[in-house]
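J.: From the sequence below, what's the structure:
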Amino acid sequence: MDIAARRKAAEPLHWNLATAIRALSMDAVEAANSGHPGAPMGLADVATVLFRNHLKFDASAPNWFDRDRFVLSAGHGSMLIYSLLHLTGYEQMTLDQIRNFRQLGAITAGHPEYGHVEGVETTTGPLGQGIATSVGMAIAEEAMRAEFGPELCDHRTWVIAGDGCLMEGISHEAIGLAGRQNLGRLIVIWDDNDITIDGRVSLSDKTDQKARFAAAGWRVLNCDGHDAADIDRALTEAKQDDGRPVLIAAKTIIGFGAPNKSDSAGAHGSPLGKDEIAAVRAALGWDHAPFVIPDDVLGEWRKIGKRGGDARKAWAARVDALPGDQRDEFARRINGETSPHLAPTIHALKQQTLEAKPKVATRKASENVLEVLNPEMPENFGGSADLTGSNNTRTADLGIFGPDNRKGRYLHYGIREHGMAAAMNGIWLHGGFRPYGGTFMAFTDYARGAMRLSALMGLPVVYVMTHDSIGLGEDGPTHQPVEHLAISRATPNTLVLRPCDQIETAEAWEIALSQASTPSVLALSRQNLPLLREDAGSENLSARGAYILREASDDPQVILMATGSEVEIAVAARDTLESEGIPTRVVSVPSMELFRAQDREYRKEILPKGPVRIAIEAAVRQPWDWLLLGERGREKKSGFVGMTGFGASAPAPELYKEFGITAHAVVEHARALL
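T.: You can find the predicted model right below:
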């Protein structure tokens, strides 16, 4: 059916509502001379029906907890969501913001960014991240509904995903996890337009996506993505929850309305051009100037934006009717506020640890911390990528989250590191829980895309990364991380915490679970480590980033800096140097990021000018230079004892000797520098 025939067959109001989206989208891309007009134009009918008839939201209250979540996984089509936010009356999304699409300082970034504008539920753009993040949102919705009841949590997660999202490997992880978990409130609308940047999808793929989703346990529906009645039928059917997530294959035409560029890569990622835009206006019967929406059309859209107002007010009344303590706890949970039980629980554990003096791997120390924290913090939601027994992330009280136990707080993610990281982002974004998940440190490579988005969005999820060095031993260089600490430390807005014993591990957890807008990477050992801390006061010394663990007998001639499993090497080297009359200070550096955030006077107190500086870490040197060379790069007497290449397969003690990460090597290095 050609455009003229579709226009004639369409309900006039629907046609005008959808055309408003198409016009704003192509006008904004043209004004920016940059962007993707094709997807918004192709999806305008689907989005209009979704927002007009099905999505539960109130534009005047963008953060209403019980709203439906809408995720535009195909983030390159950002003008679709920006147009919808403006048309439905979100206060922040003014027409000026639309006019300034992709410009410096505007909230209308090239790809939707969480935190920049209300109504954008998650940052998308890296394809596949949106659909994978939405799985976490749907998990959190199920868990919150089970805990607090449908009176407080009863909504759906809607996703629009494109061909590119479904090609990305993370989509396989996400749809498998969603199918296994029977996330019946998750509805994905596939923008089936058969076009990528290079051309037809068939250039690179022949996957039967509908069969693929069905094989993963999804219910699969179809609709004509330009027939409002057929779209409405499919969305209505999708809401009839039978326990399976739903894929709606919406057959669309990219760049719908563009006579010469629709259904081609020419409509995908560049402006249509003035002549083609004029032709679109003629074809769609839209004779208004750029960025002009007639009052009657805008008025209808604003009514749509108010459609959920009564439902929101009824929900607020139910919340207000709760007993005071329940209401306060619900508010604390959905606002992501730190538990009042965190600090006292950690302090008590530190005291117990000082008395018991356990020699345990920091992964086991982490489990010991979680054993006392999880019963006191119902917001903690744990998991592992099929390494539960190795990551030590499951505690006895959690229960397994699944279709038969929505109150469980531990999720078996399977061998899906990337999907796990994205789902944790979604769990936090939904609200109500603080997610943490484990895998081996080397496999941060597999999770990197979603970990980067944790940092970009400012989500305080916790990555429990065990087996953090050559100390894991016989598994060899494939599993031994040497560059991963550097990569994690190089990522903006990321805390890397590498504790040396159980007290530092407890402090690391306190730090991580106190964050409001920064993810944490806990780098934990496989091998047992002695208790090195000799005090357990109320102050969290690890929160300083670096502190004096062992003081020199006199003004220090040598300062040894180390993290994690290498701190015991630094302490042993200090003992030798002190016995030789060389005053030596040991500085534990559990977090470079936190140390860098301290005031200059504190940093100078810990690392004064003059003494020899040696850093010890079973990883590459790269992150250490600012500490070794001084803040102005003038310290000449410095050295590094660590890794310069990949590891090997052998017992851990042999590997430390083989690669020269020993107390003897540190002592020799110090002597040479002196």
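
J.: quick one: the helices in the stretch 551-674 of the chain?
T.: Taking DSSP state H, counting those that start in this stretch, the helices of the stretch 551-674 of the chain run over residues 567-579, 592-596, 600-606, 625-628, 652-658, 663-673.

J.: Rebuild those as CSV, extending it with distance to Asp230, mean pLDDT and mean neighbour count.
T.: Glycine gets a C-beta too; all of them are placed from N, C-alpha and C. CSV is the format used below for these (distance: least, CB to CB, whole Å; pLDDT from 0 to 100; neighbours: other CB atoms under 10 Å):
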stretch, distance to Asp230, mean pLDDT, mean neighbour count
helix 567-579, 65, 98, 21
helix 592-596, 52, 98, 19
helix 600-606, 65, 97, 13
helix 625-628, 60, 90, 16
helix 652-658, 62, 96, 16
helix 663-673, 72, 94, 19
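
J.: export these to CSV and tack on distance to Ala615?
T.: Output for the helices of the stretch 551-674 of the chain, formatted as CSV (distance: least, CB to CB, whole Å):
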stretch, distance to Ala615
helix 567-579, 9
helix 592-596, 11
helix 600-606, 13
helix 625-628, 6
helix 652-658, 16
helix 663-673, 10
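
J.: between those helices, which one is nearest to Val319?
T.: Smallest distance to Val319 across the helices of the stretch 551-674 of the chain (CB to CB): 36.7 Å, for helix 592-596.

J.: Measure how far the closest one is from the centre of its chain, please.
T.: Remark: helix 592-596 is offset 22 Å from the chain centroid, using CA atoms, centre = their mean, to the nearest Å.

J.: now stretch 369-378
T.: Stretch 369-378 sits 23 Å away from the centroid of its parent chain (CA atoms, centre = their mean).

J.: How about stretch 68-80?
T.: 17 Å.

J.: could you say what helices and strands the helix or strand bottoming out on mean pLDDT in the chain packs with?
T.: With mean pLDDT, DSSP states H and E as the measure, the helix or strand of the chain carrying the lowest mean pLDDT is helix 625-628 (a mean of 90). Under the contact definition 3 or more CB pairs under 8 Å, 6 or more residues apart in numbering; DSSP states H and E, helix 625-628 sits against strand 612-617, strand 638-642.

J.: any chance of these in TSV, plus mean pLDDT and distance to Val571?
T.: Listed next are those as TSV, based on pLDDT from 0 to 100; distance: least, CB to CB, whole Å:
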stretch	mean pLDDT	distance to Val571
strand 612-617	97	10
strand 638-642	93	14
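
J.: Quick one: end-to-end distance for stretch 576-588.
T.: Stretch 576-588 has an end-to-end distance of 18 Å (criterion: CA to CA, to the nearest Å).

J.: Ignore what I typed, I meant stretch 550-558.
T.: End residues of stretch 550-558 are separated by 12 Å (CA to CA).

J.: cool, and stretch 560-574?
T.: End-to-end span of stretch 560-574 (CA to CA): 8 Å.

J.: Please compute how far it lies from its chain's middle.
T.: Relative to the centre of its chain, stretch 560-574 is centred 33 Å away, using CA atoms, centre = their mean.

J.: Which parts of the stretch 101-250 of the chain are strands?
T.: With DSSP state E, counting those that start in this stretch, the ranges of strands along the stretch 101-250 of the chain come out as 157-162, 186-192, 195-196, 199-200, 219-224, 246-251.

J.: quick one: strands adjacent to the second one?
T.: Think strand 186-192. strand 157-162 (parallel), strand 246-251 (parallel) (DSSP bridges).

J.: From the rest of the structure, what touches stretch 204-213?
T.: When contacts are defined by CB atoms under 8 Å, 6 or more residues apart in numbering, stretch 204-213 is touched by residues 163, 166-167, 175, 179, 190, 192, 196, 198, 220, 222, 247, 249.

J.: Quick check: buried residues in stretch 214-223?
T.: Within stretch 214-223, the residues that count as buried by 16 or more other CB atoms under 10 Å are 216-221, 223.

J.: neighbours around Met1, how many?
T.: Counted with other CB atoms under 10 Å, residues neighbouring Met1 total 11.

J.: ditto for Trp190
T.: By the criterion of other CB under 10 Å, Trp190 has 27 neighbours.

J.: so it makes contact with Ala249?
T.: Yes - with contact defined as CB atoms under 8 Å, Trp190 reaches Ala249; the gap is 5.0 Å.

J.: now stretch 114-125: mean pLDDT?
T.: What stretch 114-125 shows for mean pLDDT is 97.

J.: do stretch 443-462 as well
T.: Rounded mean pLDDT across stretch 443-462 is 98.

J.: Restricting to C-alpha, output that stretch in CSV.
T.: Presented in CSV, the C-alpha positions along stretch 443-462 are these (Å, rounded to 0.1, in the frame of the first residue of the first chain):
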residue,chain,number,x,y,z
PHE,A,443,36.0,-11.4,32.3
THR,A,444,35.4,-7.7,32.8
ASP,A,445,36.3,-7.8,29.1
TYR,A,446,33.0,-9.6,28.4
ALA,A,447,31.1,-7.1,30.5
ARG,A,448,32.9,-3.9,29.4
GLY,A,449,30.1,-2.3,27.3
ALA,A,450,27.6,-2.4,30.1
MET,A,451,30.2,-1.5,32.8
ARG,A,452,31.0,1.6,30.8
LEU,A,453,27.4,2.6,30.7
SER,A,454,27.2,2.1,34.5
ALA,A,455,29.8,4.8,34.8
LEU,A,456,28.4,7.0,32.1
MET,A,457,24.9,6.9,33.7
GLY,A,458,26.2,7.2,37.3
LEU,A,459,24.7,3.9,38.5
PRO,A,460,26.1,2.6,41.8
VAL,A,461,26.0,-1.1,40.8
VAL,A,462,28.7,-3.3,42.3
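
J.: Alright, I will stop here.
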